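>>> test case, fold it:
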Amino acid sequence: MINRFSRWAIRSNGWCWYRVKAVFTSLCVLAILNPAIATAEDDPLGNPVSGFDGTYKIHLSENPKVRSSGRPEPGYFDSLVTEVFKKAGIPSQLVAQVPWKRVMELATKDAGHVIYPTTRTESREDAFNWVGPISRTIWNLYGISTKNWGELGFERVLSEARIGVLLGSAREGYLQQRGAAQLILVPREELLLPMLLADRVDLIAIGGNILRHYIDAIDISDTPGKLPKIDGALAYRSCYLYAAVSGDVPDRDIQKLQQQLDDFKRDGFFVENRRNHGLSTNQSGSFLSAMLDLDNNGVSCVDLNGDGDDD
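Numbering: from 1, shown residues only. Just a heads-up that it's a prediction; the model follows:
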């Protein structure tokens, strides 16, 4: 009886091992024939995580909500970047806007994502290829004027104020680095002004043109003439903005894109695109003088120590 059971067990084990080997071999063959099976995790855009296929993903800076409100800056950046790719003859596809932090996460794992306007910081320098600059901004902390936060100085503001800032932005990283004690992070920048008005934060770190748009929208649609005066309590940094291209992509593509942008600055398209989107075209002003000066290619950020004017 024992001998019969032993012979059956040996035969069964041999059959099981044969089945395991067969299944394992089949899976290996499938993985070789279909690499998508071997790398099964898909990204939120519906594409398998893979190497660069030669087509760049342009992440639009404008979403449907913002477009309907008539804010000019996003349309300006979108038309500039898409036209640069088109004229340079570089294949691209448009991707709808997703939260900024999520875009940056996608860019760290896949090549060919185009993100703009992006601040060229030291921590990002080696993670991206850079085309620009396409704009410049003065980083201000904005607050209700009667609160007088600007009188305290930058270091005291960092230690005492509740500062609202966009999650995953360069402003957040810089304020963290400078030791800001109470950062209030939001997923979308349009939430910053309501939080300031609701006294949930003392100051907000946001671009001046963007803030003016949100103030005008509230003033016109909700509470005309009833908003408190909001101003730049403290200017602390000047930064040039770029189109950032993620990952290991051909150097010749980046060179073509940069050359095309430089050509736009020489032939007038850069200024005309601003005019078409209701933005300043004063070429004698400090902003456009800096943008049209090709010697500023590669410039990143400069600390202002609390002094400066918004563009």
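
>>> pretty sure residue 147 sits against residue 202.
Yes - with contact defined as C-beta atoms under 8 Å, residue 147 and residue 202 form a contacting pair (6.7 Å). Glycine gets a C-beta too; all of them are placed from N, C-alpha and C.

>>> quick one, phi psi at residue 124?
phi -100, psi -10 (degrees, to the nearest 10).

>>> still on that earlier bit, who's more crowded, residue 147 and residue 202?
residue 202 (20 against 15; other C-beta atoms under 10 Å).

>>> can you list the domains in the protein?
Split into domains by automatic domain parsing, the chain comes to 2-38, 56-135+239-303, 138-234.

>>> doesn't residue 213 fall inside a helix?
Yes - counting by DSSP: H, G, I helix; E, B strand; the rest coil, residue 213 is located in a helix.

>>> doesn't residue 164 belong to a strand?
Yes - judged by three-state DSSP, residue 164 forms part of a strand.

>>> ok, it to residue 301 distance?
For residue 164, the distance to residue 301 equals 21 Å [C-beta to C-beta, to the nearest Å].

>>> more neighbours, the two?
Shown here are residue 164 and residue 301; by other C-beta under 10 Å, residue 164 has more neighbours (26 against 18).

>>> where do the helices sit along the chain?
In the chain, the segments counted as helices under DSSP state H are 2-33, 35-38, 64-69, 72-88, 100-109, 154-160, 170-177, 192-197, 208-221, 251-267, 269-276, 286-292.

>>> which intervals of this structure have sub-threshold pLDDT?
For the chain, the stretches flagged by pLDDT under 70 are 1-50, 62-74, 219-225, 305-311.

>>> now with 80, please.
Residue ranges of the chain with pLDDT under 80: 1-51, 62-74, 219-226, 305-311.

>>> next one: stretch 257-272 to chain centre, how far?
22 Å (C-alpha atoms, centre = their mean, to the nearest Å).

>>> what of stretch 272-291?
When distances are taken as C-alpha atoms, centre = their mean, stretch 272-291 is centred 23 Å away from the chain's centroid.

>>> how about stretch 86-103?
11 Å.

>>> ends of it, what's the gap?
Stretch 86-103 has an end-to-end distance of 22 Å (criterion: C-alpha to C-alpha, to the nearest Å).

>>> stretch 166-179 now?
For stretch 166-179, the end-to-end distance is 17 Å (C-alpha to C-alpha).

>>> in it, which residues are buried?
Using 16 or more other C-beta atoms under 10 Å as the test for burial, stretch 166-179 gives 166-175.

>>> what sits up against it?
With C-beta atoms under 8 Å, 6 or more residues apart in numbering as the test, stretch 166-179 has contacts from 99-101, 104, 118-119, 121, 123-124, 139, 158-159, 163, 165, 183, 185-189, 192, 205-206, 237, 239.

>>> go again using 6 Å as the cut-off
100-101, 104, 119, 121, 158, 165, 185, 187, 189, 205 (C-beta atoms under 6 Å, 6 or more residues apart in numbering).

>>> same thing with stretch 142-153?
Here stretch 142-153 makes contact (C-beta under 6 Å, 6+ apart) with 157, 203-204, 211, 228-234.

>>> mind putting the residues you listed into CSV with neighbour count and distance to residue 268?
Shown next, in CSV, are these (neighbours: other C-beta atoms under 10 Å; distance: C-beta to C-beta, whole Å):
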residue, neighbour count, distance to residue 268
157, 23, 42
203, 27, 39
204, 27, 36
211, 21, 30
228, 11, 41
229, 8, 38
230, 18, 35
231, 13, 34
232, 20, 32
233, 25, 37
234, 25, 36
